[in-house]
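Asks: Give me a model of this one.
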Amino acid sequence: MRSLLEVQRILEERSGKPLEDWENAYMAENAMSSRNNAEYEAWKRDSYKPLTEAVRALMESEGLSREGVEEYLYMKHGIERNREMSVRAAIEEKAEREGKKEQSRTALTLKSLRTQNASVWRSRRKQRCRSSCVTTGSRSATR
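Replies: This next block holds a predicted model:
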């Protein structure tokens, strides 16, 4: 950073006028570091800590192991991924059948169906994942 400050000083000497704020890379770098740190602390306070506390409370109240919670999250992601991949495959298949003209309309239709059915999928996922893994607290329960 000292070299950047030196380059800026030389530029100011040669131009005969001070750098404007938007031109001052040294000041921007210092501000970015502070801004990044503030954003990280806010994320940790507002998202990370509440999430870890909620998981910890759930584990304690339900007698779950860390591995059981991990397995539940892994399974939940798999179900979401599989659904998303099947929707993408359906869009591609329909686009190939009907031609590119219909592709955007099909994508919008499938997206709206996905949005409408999200709560149904969520509740089914919770029931499946919870009954097959989390209550046992072991990874081997689903294999």
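
Asks: Look up phi and psi at residue 18.
Replies: As for residue 18, its main-chain torsions (degrees, to the nearest 10) stand at phi -70, psi 150.

Asks: Could you measure from residue 19 over to residue 7?
Replies: Distance, residue 19 to residue 7, using C-beta to C-beta, to the nearest Å: 10 Å. The C-beta positions use only the backbone N, C-alpha and C, and glycine is treated the same way.

Asks: Those two - which one has more neighbours?
Replies: A direct count of neighbours by other C-beta atoms under 10 Å for residue 19 and residue 7 places residue 19 higher, at 15 against 12.

Asks: Check the protein for its longest helix and report it.
Replies: Counting residues, the longest helix in the chain under DSSP state H turns out to be helix 66-98.

Asks: pLDDT (mean, whole number) over that one?
Replies: Per-residue pLDDT values over helix 66-98 give a mean of 87.

Asks: Only the buried residues of that helix, if you could.
Replies: 68-69, 71-72, 75-76, 79, 91, 94-95 (16 or more other C-beta atoms under 10 Å).

Asks: any chance of those in TSV, plus distance to residue 48?
Replies: Output for these, formatted as TSV (distance: C-beta to C-beta, whole Å):
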residue	distance to residue 48
68	21
69	16
71	21
72	19
75	22
76	19
79	24
91	35
94	41
95	40
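
Asks: Please consider this matter closed, and thank you.
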